[in-house]
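# Have a look; sequence and predicted model below, questions after that.
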Amino acid sequence: MKQGLAAMKDIKHYINGQYVGSASGKLFDNVNPANGKLISKVHEAGREEVDAAVNAAKAALRGPWGKMTLEERTSILHKVADGINARFDEFLKAECLDTGKPKSMASHIDIPRGAANFKVFADMIKNVPTESFEMPTPDGTGALNYAVRRPKGVIGVISPWNLPLLLMTWKVGPALACGNTVVVKPSEETPTTTALLGEVMKEAGIPDGVYNVVHGFGGDSAGAFLTEHPQVDGFTFTGETGTGEVIMKAAAKGIRDISLELGGKNAGLVFADCDMDKAIEGTMRSAFANCGQVCLGTERVYVERSIFDEFVGRLKEAAEGLKIGPPDDAEANLGPLVSLKHREKVLSYYQKAVDDGATVVTGGGVPEMPEELAGGAWVQPTIWTGLPEDSAVITDEIFGPCVHVCPFDTEEEAIELANSLPYGLASAIWSENITRAHRVAGQIEAGIIWVNSWFLRDLRTPFGGSKQSGIGREGGVHSLEFYTEMKNICVKL
């Protein structure tokens, strides 16, 4: 079975335990964003492949997977995690080829977390209690009510390109731990690690049909065929809000459940009583980590006026100290955007900022790169000031290494600015006044609030957004609640 990354030059679907090509013969290019060169050809799924994947997943629910004990199932998931770690370098290379991100980031976050998601949720499902109630009955004998968890069924997993392995297994891990089967549609930009995981699943002893992968795009392709399929019992999606609306409409037919982690335009609030070093370091990471391609990233920062000039000056200095380079550059801490197409979008906002009268503090264009990297999707880390709050640069999620910094005068004004958009995913507050931090955090309309930190979170806590940033919560028992149905059994005594 084991073919490895070398075999992934022709990326096929993984259906019912086998790699299969598309009946249509349709292929699309998977391109390295660091240099613009072809990595592989990817098969595009039609309805035939999606039907086969869903049917395989449905059958596996009634087969060995559905008959396994909890202990047997979770033991296999531990083997999946071990299998990823045993092939760590292979997964790391694949992830960096697809995304262009520095190995220093992917080796510490993407691959370890991608593996750990299987162990974390396997252990968690074994220790999640349900409930029981004794009740009186008219004849005096009583009754006992108790709840049990049962898998939801076939789960359609539609995963994003910014953290491909991590965010895919963040969904597949708990789904399988709860006894479901899955059909995964990875982003067309980053198909490799999702495909490679099929080999690990097979080696670990996951029965055929439990984990299936179909490749393709959204509309009139694998994504649409999956969300329209009547035999899929629930959908989990991380990505752009507009796509989430399309999935929500499709899921409404047949009343299928959804879990959506959608877009954001996250605000950072920096008060004069902050620790400036912490605020600069945290804002740097939240604005520029993964080339700004993080749903939790900060694209707008509001700074108390008395420290505004100092903050902007120090943020500029820090941004200009970033090293742009390819994954193999050990000193690089900023890679390319995921594709040239995405760079066109980001650069269009760079131009809108200038058109709307922004002061470009630093960046604003494309960096000069060596000839061998000139075809990559490189863009400069960029800081603006001076834009009005109705500028598209302030209101739209850009998903690039850019941030606008604006002054405020009062705490009330800062809260109003942070809450002014229809998104509500995350926010960061920088203040050494713990009373103020608690007070402000309680008033921010977002699902995740950091105080004097960023991207720090216990994996057992609820993760998700409010308003147009999503529906539902992932993480810990909150993931298990989505991937299971609670069944009440009432026994008359």
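Cool, the structure landed. Numbering: from 1, shown residues only.
# Need the outlier residue of the protein, farthest from its centre.
Largest separation from the mean C-alpha position in the chain: D139, at 54.1 Å (Cα atoms, centre = their mean).
# from what I can see G375 touches L38, true?
No: counting by Cβ atoms under 8 Å, G375 sits too far from L38 to count as a contact (10.9 Å). Where you see a C-beta, it was placed from the backbone N, CA and C, and this is true even at glycine.
# Who has more neighbours out of the two?
G375 (16 against 10; other Cβ atoms under 10 Å).
# Check which helix or strand the more buried one maps to.
Using DSSP states H and E, G375 falls within no helix or strand.
# Helices along the stretch 201-350 of the chain, start to end?
222-227, 241-252, 276-288, 308-320, 340-355 (DSSP state H, counting those that start in this stretch).
# circling back to that earlier point, let's verify the residue farthest from the centre of the chain: helix, strand, or coil?
What DSSP: H, G, I helix; E, B strand; the rest coil gives for D139 is coil.
# tell me the mean pLDDT over stretch 286-306?
For stretch 286-306, mean pLDDT rounds to 98.
# And it, what's buried?
286-304 (16 or more other Cβ atoms under 10 Å).
# swap in stretch 347-356?
347, 349-350, 352-353, 356.
# how about CSV for these, with distance to C274 and pLDDT added?
Formatted as CSV, the buried residues of stretch 347-356 follow (distance: Cβ to Cβ, whole Å; pLDDT from 0 to 100):
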residue, distance to C274, pLDDT
L347, 32, 98
Y349, 28, 98
Y350, 28, 98
K352, 30, 98
A353, 26, 98
D356, 28, 98
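# okay, these in TSV with distance to A122 next?
TSV is the format used below for the buried residues of stretch 347-356 (distance: Cβ to Cβ, whole Å):
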residue	distance to A122
L347	43
Y349	42
Y350	44
K352	46
A353	46
D356	50
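# ok, of those, which one's closest to G66?
Y349 (48.2 Å; Cβ to Cβ).
# Check whether the closest one really touches V393, as I assumed.
Yes: using Cβ under 8 Å, Y349 is in contact with V393, at 5.5 Å.
# thinking again about what came up before, which ones among the buried residues of stretch 286-306 map onto strands?
With DSSP state E as the criterion, strands contain 298-304 from among the buried residues of stretch 286-306.
# What distance do you get for the residue farthest from the centre of the chain to W430?
Using Cβ to Cβ, to the nearest Å, we find D139 at a distance of 64 Å from W430.
# Do I have it right that I489 meets Y146?
Yes: counting by Cβ under 8 Å, I489 touches Y146, with 5.6 Å between them.
# do you know how far A106 is from A332?
In terms of Cβ to Cβ, A106 sits 12 Å off from A332.
# Can you tell me the closest non-neighbouring residue to P462?
The spatially closest residue to P462, leaving aside those adjacent along the chain, is R473, at 4.0 Å (Cβ to Cβ, 6 or more residues apart in numbering).
# for that neighbour, what are its contacts?
Residues near R473 by Cβ atoms under 8 Å, 6 or more residues apart in numbering: 259, 447, 462-464, 479, 482.
# same check, this time on H229
Residues near H229 by Cβ under 8 Å, 6+ apart: 50-51, 54, 156.
# Next one: it from A250, what distance?
Distance, H229 to A250, by Cβ to Cβ: 9 Å.
# Could you do H478 as well?
In terms of Cβ to Cβ, H478 sits 24 Å off from A250.
# quick one on the thing from earlier: show me which pair in the ones in strands among the buried residues of stretch 286-306 is furthest apart.
Using Cβ to Cβ, those span at most 19.1 Å, a distance reached by E299 and E304.
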